[in-house]
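Visitor: Show me how the following folds:
(chains A, B, C and D)
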Protein chains: 2
Amino acid sequence: MAEEIRNGNIADNIFAELRRKILSGELKAGERLSGERELAQKYGTNRNTLREAVRKLEQARLVTVRHGQGVTVADFRKTGTLDLLSPFLQASTDSGDITHVIEDILEPRVLLLEHATRLAVRRADKQDIERLMDINDLLIAAFDSGDAVVVARGFQRWLDALIDAGHSLIVRWFANPMLDAYRDMVERYPALWVLEPSFPKHLRDVIHAISEGNEEKAVDATRAYYVRVDGALRNALVPASRREGGAEPELAEGANDPEGTVVPMRRRKSPA
Amino acid sequence: MAEEIRNGNIADNIFAELRRKILSGELKAGERLSGERELAQKYGTNRNTLREAVRKLEQARLVTVRHGQGVTVADFRKTGTLDLLSPFLQASTDSGDITHVIEDILEPRVLLLEHATRLAVRRADKQDIERLMDINDLLIAAFDSGDAVVVARGFQRWLDALIDAGHSLIVRWFANPMLDAYRDMVERYPALWVLEPSFPKHLRDVIHAISEGNEEKAVDATRAYYVRVDGALRNALVPASRREGGAEPELAEGANDPEGTVVPMRRRKSPA
DNA sequence: CTGCTAGGATTGGTTGAACCAGTCTGAATT
DNA sequence: AATTCAGACTGGTTCAACCAATCCTAGCAG
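Guide: Model prediction:
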């Protein structure tokens, strides 16, 4: 089966390929994979290397392996974790899936950032604030140059610094998968990253609030900014999702949805 | 090296053992593991099986592997995800670490549950509500019997149902690692799970609010409950963390901290 | 002495074959 | 019809090579 070379590691490529198949729905939950011997032959490798790929799938909770029974595709919608966010977005060929996920992530993202901001206000030391200010200067310059991608990339450093300033293992671990997804999305759809006019003001406000230890002011600044940004993003998404089963303008390269077996992710409340 | 048999899978045991060593700080970030040949011999197995364990470590972001260079321990504090929460709590021998993590997770947990509750109010259908009511009945009965462990176990099902009622992939993926950690903690320290007197009322209030579609009421009920529970938990933790470097009453079985190299996780803000 | 280079040692990556060990299936037996 | 058991799956483990990237060092050239 045609495998393009992504990096120099066979097991990783097979892992990525099978992960894509599972996350895209090509392999469904409960389905059994072929035996290791057959799979190895199919991917043109040997059993040991193939097994390394299966081990990674197992660790990613995408399959379950039982001696004597074989390898079974797991229901990642139920048992998955945020680690799957980035590969899921990359694997999804169904635009409705992507739209729902992005819509559903906006609120948790704001809640996380508000909390991160709170912790930064409470715990940031001089070094943390200096780092934030340095990045802020760079961002302002990049913003003035008007290059959205450069800003987006620098913004990742800002978020990193903000989260570090909170000195919370938990918040860092919460944020990492979202930052990964953000990074990937910036690389794939640079056009989506609009330059919100209030961006520089938002940065300054947050830093000021952190410097003077004003928690509510910092959170308010964060919230106000994301209300605007997320609103714009929602507006950009809604028209796309309104078309029935079609591929949206620029979110899909090779959209093919062989059957309509996609589990509904969002159900509206039935009339009480 | 003495390895106890945990389950029938050598690679998994080695993976778990190395993960424990890394998460406990026994192996530090940046440190290089021995070569695969040597490691395999040390654990009394062959290279292929050993490599399967290393692959899982790699997938868990606990090590990085580079051809020609070897296996390097990653800085999981920076690059980890919530997947590490449960194994980290199990591996930690430093009571300060555990205390900080638990303190830092309480707020995010409430935020997550509040958001999950909001989504449940917006999206729950008749089936979801029925499921919640069924579990509620069981929980009330268990609560009256006074067995904290049974209640805690049933509460996991309640949380599952609540999250399902929100029909959000993202929230489910956010919650799973925390539910895993909760499950483990209940099994390990059943004594910590106190029966809050307002527990049955909280459940009823949330269900009512969901039924009548009153979002704010549902969130208020959730928040009010967790303010009480978390307050109690914080009080239980603070006295333990106040002792300097000592093992707390019942959170550590084999506490041994060979050197004082633990990276400070929480720094107070320096005087502005 | 300094700098570069070639080669050897060390590391992970890949391979194929053989055998061990659970699990399932179906035919033979009772 | 129920039971049993052999065989045909499945994954689990082991061994022994060899390939390929990286690192280190001895030796050479400047």
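Visitor: Now whichever helix or strand A:N235 is part of: buried residues?
Guide: A:N235 is part of helix A:215-242 when elements are defined by DSSP states H and E. By neighbour count on 16 or more other CB atoms under 10 Å in any protein chain shown, the buried set for helix A:215-242 is A:217-222, A:225-226, A:229-230, A:233, A:237, A:240-241. Backbone N, C-alpha and C define where each C-beta goes, glycine included.
Visitor: ditto for stretch A:28-44
Guide: For stretch A:28-44, by 16+ other CB under 10 Å, it's A:A29, A:L33, A:E36, A:L39, A:A40, A:Y43.
Visitor: contacting residues around the fourth one?
Guide: Residues near A:L39 by CB atoms under 8 Å, 6 or more residues apart in numbering or on different chains: A:L33, A:L50.
Visitor: After the helix or strand it falls within, heading C-terminal, what element do we hit next?
Guide: Element membership of A:L39, judged by DSSP H and E, is helix A:36-42. Following helix A:36-42 in sequence order, the next helix or strand is helix A:47-59 (DSSP H and E).
Visitor: Serialize the buried residues of helix A:215-242 to TSV and add fields for distance to B:H167 and pLDDT.
Guide: TSV is the format used below for the buried residues of helix A:215-242 (distance: CB to CB, whole Å; pLDDT from 0 to 100):
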residue	distance to B:H167	pLDDT
A:K217	35	97
A:A218	32	97
A:V219	28	97
A:D220	30	96
A:A221	32	96
A:T222	27	96
A:Y225	28	94
A:Y226	23	94
A:V229	25	89
A:D230	20	90
A:L233	21	83
A:L237	18	74
A:A240	20	53
A:S241	16	49
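Visitor: so can I have a markdown table of those residues showing distance to chain B?
Guide: A markdown table is the format used below for the buried residues of helix A:215-242 (distance: CB to the nearest CB, whole Å):
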| residue | distance to chain B |
| --- | --- |
| A:K217 | 14 |
| A:A218 | 13 |
| A:V219 | 12 |
| A:D220 | 17 |
| A:A221 | 18 |
| A:T222 | 14 |
| A:Y225 | 19 |
| A:Y226 | 14 |
| A:V229 | 18 |
| A:D230 | 14 |
| A:L233 | 15 |
| A:L237 | 15 |
| A:A240 | 18 |
| A:S241 | 15 |
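Visitor: now the residues you listed as CSV including distance to DNA strand C?
Guide: Conversion of these to CSV gives the following (distance: CB to the nearest atom of the strand, whole Å):
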residue, distance to DNA strand C
A:K217, 49
A:A218, 44
A:V219, 44
A:D220, 48
A:A221, 45
A:T222, 41
A:Y225, 42
A:Y226, 40
A:V229, 40
A:D230, 40
A:L233, 39
A:L237, 39
A:A240, 39
A:S241, 40
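Visitor: out of those residues, who's nearest B:A161?
Guide: A:S241 (27.5 Å; CB to CB).
Visitor: Do you have the helices of chain A handy? List them.
Guide: A:10-23, A:36-42, A:47-59, A:76-79, A:85-91, A:95-123, A:126-145, A:148-165, A:169-188, A:199-211, A:215-242 (DSSP state H).
Visitor: check whether the third one contacts chain B.
Guide: Yes - contact of helix A:47-59 with chain B is found when judged by CB under 8 Å from any CB of the partner chain, involving A:N48, A:R51, A:E52, A:R55, A:K56, A:E58, A:Q59.
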